[in-house]
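1. attaching a predicted model along with its sequence, questions to come.
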Amino acid sequence: MHRPTMFVTAIISTLSLSPAMAQQAPQPMMEAAFVAQTCAVCHGGPGNNPPTMPAIHGADAKAIYDSLIDLKTNKRPSTIMGRIARGYSDDQLKAVAEYLSRY
């Protein structure tokens, strides 16, 4: 059985997931949870977003994904988000969008 590392356990604790859930969570969702913590630096957490940033937690997954793809492909202007989005595959962005829509 796969055991989460101490780092992953810390991330899971931050996300309020139990280590048992982490052992069962698919890898893409674990990666998405980790990336979502990065999103929270600027966008805030669920119910706690800064007024100057779009609220992304709990938003529609397709809308988040479409926005990320538009940012990644320069169809939507941005300062930093386009560069961030280009660092991830489309599948990773889809997993992040799914994760953010749930929390």
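-> Arrived safely.

2. show me the longest helix that occurs in this protein.
-> Longest helix in the chain by number of residues (criterion: DSSP state H): helix 27-43.

3. list the buried residues in the next helix or strand after it.
-> Next along the chain after helix 27-43, taking DSSP states H and E as the criterion, comes helix 61-72. For helix 61-72, a neighbour-count test (16 or more other C-beta atoms under 10 Å) marks 61, 64, 65, 67, 68, 69, 70, 71, 72 as buried. C-beta here means a position set from N, CA and C on the backbone, and glycine is covered the same way.

4. residues of the longest helix of the chain that come out buried?
-> 29, 30, 31, 32, 33, 34, 35, 36, 39, 40, 43.

5. from those residues, which single one is nearest residue 89?
-> Checking the buried residues of helix 27-43 against residue 89 by C-beta to C-beta gives residue 31 as the nearest, at 10.4 Å.

6. that closest one and residue 85, how far apart?
-> 15 Å (C-beta to C-beta, to the nearest Å).

7. residue 49 too?
-> Per C-beta to C-beta, residue 49 is found 18 Å from residue 85.

8. the two: who's more crowded?
-> Per other C-beta atoms under 10 Å, whichever of residue 49 and residue 85 has more neighbours is residue 85, with 22 against 16.

9. how close does that one get to residue 76?
-> Per C-beta to C-beta, residue 85 is found 9 Å from residue 76.

10. now residue 27
-> Residue 27 is 29 Å from residue 76, where distance means C-beta to C-beta.

11. quick one: contacts for the nearest residue to residue 99 once chain neighbours are set aside?
-> Computed as C-beta to C-beta, 6 or more residues apart in numbering, the closest residue to residue 99 that is not its neighbour in sequence is residue 32, at 3.8 Å. Residue 32 sits next to 92, 95, 96, 98, 99 when contact means C-beta atoms under 8 Å, 6 or more residues apart in numbering.
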